[in-house]
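Enquirer: quick one: sequence plus predicted model below, questions after.
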Amino acid sequence: MKEITLHIGIDDTDSIAKGCTTYIAALLVEKLEKLGAHFIDYPNLVRLNPNVPWKTRGNGALCLRMRYNENAEFKIKETVISTVEEQSDLENRGTDPGIVFLKKSRPPKEIQVFARKATREVVSIHDAMKLVERYGAEALAFKDGRGIIGAVAAIGETLRSDHTYEVIAYRRLENRGTKRRVDQDSIFEMDKATRPCTFNNVDIEKKRVIITPRGPDPILFGIRGEKAETVRRAFEMVRISEPVERWVVFRTNQGTDAHLKNVKRISEIEPYSSVVVSGIVSANPWMIRGRHVIFRISDETSEVDCAAYEPTGSLRTVVKKLIKGDHVRVHGGIRPASNENPLTINLEKLKILEVAPQFVYHNPLCAKCGRRLKSMGTNKGFRCDKCGSRYVSLTKIKVNLKRDVRKGLYVTASRSQRHLTKPLIRYGMEKRYGHVDSMIERWHFP
Ligand SMILES: [Zn+2]
C-alpha cells in the first residue's frame, strides 16, 4: 500500500459569535488519528496579516500535515469537510471558510513565498487559486471562498524560521458561555516558574491574567512558549476546576514579528501592511480623544503619523516624551488615509535610536548685583531692574535640559500585543532557520 503525505489548510471558519478554527483542528486531530493518519508535525497555527480590513479576530489559519495509507484518503477528506461544515458559523456574513488539500512531500517554494506575503500584505484569492491549480491541490470554498487564501497560506508557512508553541485547552459544550473555572493564582505561579520559556501569560502592568479569553468560545485558555514540552508542563501547573474536553499543542508563528517588513523609505509604506521604518520626529506628540497619542516622523521622502493608543500602556508613556529631532524606528500596522486622518502607523514597538538635545534660553544675570536681567527687545541687549545697569552686547544663555527618555526598545503592553508581536522577553530566544525540534510523545488529548 502507498504512503501519502497530505497537507490540509483550513481558514475563516469562525465569527465573533461562534466557532474557532483551532478547535476544528483539535477535533480533527482526534478524528483523523482514528482513521490511521500519522501526524508529521503539530497542527500549525499560522497568523496572517493582522491589518487586513475584513478580519476582526486574530486572522489565524490552520494546517494539518500527515501521512496515511492511500485507502484512508476518501474517509479523511470527507471527515475534514463535514467537520468544517458542522463547526463553522456559516450563517455569519463575512465567515467564508476554505479548505485546501495538497498531496506533496513538502509545499512548493512558490506556495511558501505566497504564505510569507499573506503574513505581511494583502493577497488575492485569484493568486491563491492559481497556486491551487498549478500544483494540483484541491480547494473547497464555502460561500465566497475567501478562506482559500488563508488555507493556501497556512500550507505554505512551514515555520522553518523562528516559531513558538501554544497549548490550547478547550471546554465542554455544556460549560461554554459560563465563567471559566481556572485558578488565577496558579497562572501567576506557572508564569513565575516557566518564564522566560513561556510568555504573555499575565499583564505585568495591570497584574491581570491574559491567557483566558472572555466570551462563549470553546477555548478555556492557551499558554505560549518556546518548546512543546514547556507549554505542556506549564498547562499541567494550572489548577482547573472544570472538565477539559481536549487540549492540543500547536506550532505557530505567534510572537515572532513575522508580519513586519523593513521599509527603507517612508514613501514606500503601503496601507494594510505592517512595517518597520526609521525617521526623525518632525512634530511633537499631541493627545487626541480617547487619550491616544500621535506624533509624526519624516525622512527625505515623506512623513507619516504614528499613533500610540491608550491600551499600549507604558509605550504611550514613552511616546509622550518624544520631541522634534529624536531619531526613532517605529514598528506597526498601517491604517490607510481617510477623510479625518492621514496615513497612520499603529504603533506596536518603538526603538529610540538617538535622543535629540533639548534647550531652553535664559536671560543672563547682572554682573553687578546678580539679578536676572530683562530683555530690551530683540538684539537690543539687557537691562537690570534692580541696579539699572545696561548690557547691550550680551545674548541669551543656552541651557541644556536633561531628557527623561532613553535610547532603547519599547514594546506595547502585553494586553494589547498582536498575536504576531514579538514580546520583549523573546529577544535573544529566536530559533535559527531550519532548527525544528522533533515531536514530543504526548502533544494532544484525547
Ligand atoms: Zn543689577
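Expert: Looks like it came in fine.
Enquirer: for the closest residue to Pro364 other than its chain neighbours, what are phi and psi?
Expert: Closest residue to Pro364 apart from its sequence neighbours, by CB to CB, 6 or more residues apart in numbering: Leu394 at 5.1 Å. Heads up, the C-betas are built off the backbone N, CA and C, glycines and all. The phi and psi values for Leu394, taken as degrees, to the nearest 10, are phi -70, psi 150.
Enquirer: check contacts around Leu394.
Expert: Pro364, Leu373, Gly381, Phe382 (CB atoms under 8 Å, 6 or more residues apart in numbering).
Enquirer: same deal with Glu30?
Expert: Counting by CB under 8 Å, 6+ apart, Glu30 has contacts Arg246, His444, Pro446.
Enquirer: which neighbouring elements make contact with the helix or strand containing Lys75?
Expert: Element membership for Lys75 (DSSP states H and E) is helix 73-87. Other elements packing on helix 73-87 under the criterion 3 or more CB pairs under 8 Å, 6 or more residues apart in numbering; DSSP states H and E are strand 3-11, helix 21-34, strand 98-103.
Enquirer: show me the helices in the stretch 101-250 of the chain, by range?
Expert: 109-120, 125-134, 147-156, 184-194, 228-237 (DSSP state H, counting those that start in this stretch).
Enquirer: give me the angle between the last one and helix 184-194.
Expert: This points to helix 228-237. 150 degrees (axes from the mean of the first three to the mean of the last three CA atoms, to 10 degrees).
Enquirer: burial of Leu322, as a residue count?
Expert: Leu322 has 24 neighbouring residues, counting by other CB atoms under 10 Å.
Enquirer: what's the local residue count around the residue of the stretch 101-250 of the chain found nearest the ion?
Expert: Using CB to the ion, Glu205 is the residue of the stretch 101-250 of the chain that sits closest to the ion, at 52.0 Å. Other residues near Glu205 come to 11 when the count uses other CB under 10 Å.
Enquirer: what about it, distance to Val411?
Expert: Distance, Glu205 to Val411, by CB to CB, to the nearest Å: 12 Å.
Enquirer: point out where the protein drops to low pLDDT.
Expert: 15-19, 54-58 (pLDDT under 70).
Enquirer: flag every residue of it that's near the ion.
Expert: With CB under 5 Å from the ion as the criterion, the chain comes near the ion at residues Cys366, Lys368, Cys369, Arg371, Cys384, Lys386, Cys387, Ser389.
Enquirer: just name whatever secondary elements the longest strand along the chain is in contact with.
Expert: For the chain, the strand with the greatest residue count under DSSP state E is strand 274-288. Here strand 274-288 touches strand 261-262, strand 292-298, strand 303-308, strand 327-335, strand 344-354, going by 3+ CB pairs under 8 Å, 6+ apart.
Enquirer: buried sites along stretch 8-25?
Expert: 8-15, 18-25 (16 or more other CB atoms under 10 Å).
Enquirer: that older thread, nearest to Ala141 among the residues of the chain next to the ion?
Expert: Ala141 lies nearest to Arg371 out of the residues of the chain next to the ion, by CB to CB, at 82.5 Å.
Enquirer: please name the nearest non-neighbouring residue to that closest one.
Expert: That would be Lys386: by CB to CB, 6+ apart, it lies 4.5 Å from Arg371.
Enquirer: what about the contacts of Glu30, which are in strands?
Expert: Using DSSP E, these in strands are Arg246, His444.
Enquirer: which among the contacts of Glu30 count as buried?
Expert: Arg246, His444.
Enquirer: just put the contacts of Glu30 in TSV and tack on distance to Arg224.
Expert: Below are those laid out as TSV (distance: CB to CB, whole Å):
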residue	distance to Arg224
Arg246	18
His444	17
Pro446	23
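Enquirer: tell me the one among the contacts of Glu30 nearest to Lys2.
Expert: Using CB to CB, the contacts of Glu30 come closest to Lys2 at His444, 26.4 Å.
Enquirer: my guess is that closest one contacts Val244. True?
Expert: No. Between His444 and Val244 there is no contact under CB atoms under 8 Å: 11.7 Å.
Enquirer: so how far is the ion from the closest residue to Ala151 other than its chain neighbours?
Expert: Distance criterion CB to CB, 6+ apart; nearest residue to Ala151, sequence neighbours excluded, is Gly9 at 3.4 Å. Distance from Gly9 to the ion, counting by CB to the ion, to the nearest Å: 82 Å.
Enquirer: any idea how far Arg316 is from Gly9?
Expert: With CB to CB as the criterion, Gly9 and Arg316 are 38 Å apart.
Enquirer: restricting to C-alpha, output stretch 434-446 in CSV.
Expert: Presented in CSV, the C-alpha positions along stretch 434-446 are these (Å, rounded to 0.1, in the frame of the first residue of the first chain):
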residue,chain,number,x,y,z
GLY,A,434,15.8,25.1,9.9
HIS,A,435,16.0,24.4,13.6
VAL,A,436,12.8,22.4,14.5
ASP,A,437,12.6,20.1,17.5
SER,A,438,11.3,16.6,16.9
MET,A,439,7.7,16.0,18.2
ILE,A,440,7.1,15.1,21.8
GLU,A,441,5.0,12.0,22.5
ARG,A,442,2.0,13.4,24.4
TRP,A,443,1.0,16.5,22.4
HIS,A,444,-2.7,16.2,22.5
PHE,A,445,-5.7,14.8,24.4
PRO,A,446,-7.7,12.7,23.7
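Enquirer: which positions in it come out as buried?
Expert: Those would be Trp443, His444, Phe445, for stretch 434-446 by 16+ other CB under 10 Å.
Enquirer: repeat for stretch 330-339
Expert: Val330, His331, Gly332, Gly333, Ile334, Arg335.
Enquirer: repeat that for stretch 408-427.
Expert: Quick answer for stretch 408-427 (16+ other CB under 10 Å): 410-423, 425-426.
Enquirer: how about stretch 142-154?
Expert: Quick answer for stretch 142-154 (16+ other CB under 10 Å): Phe142, Lys143, Gly145, Arg146, Gly147, Ile148, Ile149, Gly150, Ala151, Val152, Ala153, Ala154.
Enquirer: and the closest residue in space to Arg120 that isn't next to it in sequence, how far from Thr119?
Expert: Spatial nearest neighbour of Arg120, excluding adjacent residues (CB to CB, 6+ apart): Lys261 at 4.8 Å. Using CB to CB, Lys261 is found at 9 Å from Thr119.
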